[in-house]
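> need a 3D model of the following:
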Amino acid sequence: MLPHRLYEFLPYGYMLAGVAVLLWLDNVLAAFSALLLITAGALVWILRSDHRRQDLAEGIHRQGRWPFWFYELQPFVYASAGLLLWRFSRHLYFIPSAMILLVVGLQIWLMRSIHRRHVGNKRA
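From the prediction side, this is the model:
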């Protein structure tokens, strides 16, 4: 059994390891491995967050127009695309687009993690 702190840190650790590999190694195979690590961390984070949501346990589920996995992976896809564009772009003109993708992805991820009601939360 893993200690609770290590267990809770694992998805973030996967994503941080993927970002570190992507930023430090200049290789297509390393970029593919980094994307796999980021995807693994994102999937673990999504599954844990979905399992802990109180509004889903109460049957209050908002139907959206996007499929579940597409909606949930959206911030991670934006941030990963921004990192890839920033890392592998050869022209200076792509850097603003990379930064916008990265910031939007992180903003969506933070908004979702803050606004989800989890079991044990005191907020309504």
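> any idea how far the residue nearest in space to the middle of the chain is from Trp45?
Nearest to the centroid of the C-alpha atoms of the chain, with distances taken as C-alpha atoms, centre = their mean, sits Phe76, at 3.7 Å. Separation of Phe76 from Trp45 (C-beta to C-beta, to the nearest Å) stands at 8 Å. Bear in mind the C-beta positions are built from the backbone N, C-alpha and C, glycine included.
> what's the overlap in contacts for the two?
Met15 (C-beta atoms under 8 Å, 6 or more residues apart in numbering).
> not counting its own residues, what contacts stretch 67-86?
15, 19, 22-23, 31, 35, 38-39, 42, 46, 50, 64, 66, 94-95, 97-109, 112.
> recalculate using a threshold of 6 Å.
22, 38, 42, 46, 64, 94, 98, 101-102, 104-106, 108-109 (C-beta atoms under 6 Å, 6 or more residues apart in numbering).
> buried ones among the residues you listed?
Leu22, Ile38, Ala42, Ile46, Ala98, Leu101, Leu102, Val104, Gly105, Trp109 (16 or more other C-beta atoms under 10 Å).
> buried residues in stretch 24-38?
Counting neighbours by 16+ other C-beta under 10 Å, stretch 24-38 gives Ala31, Ser33, Ala34, Leu35, Leu37, Ile38 as buried.
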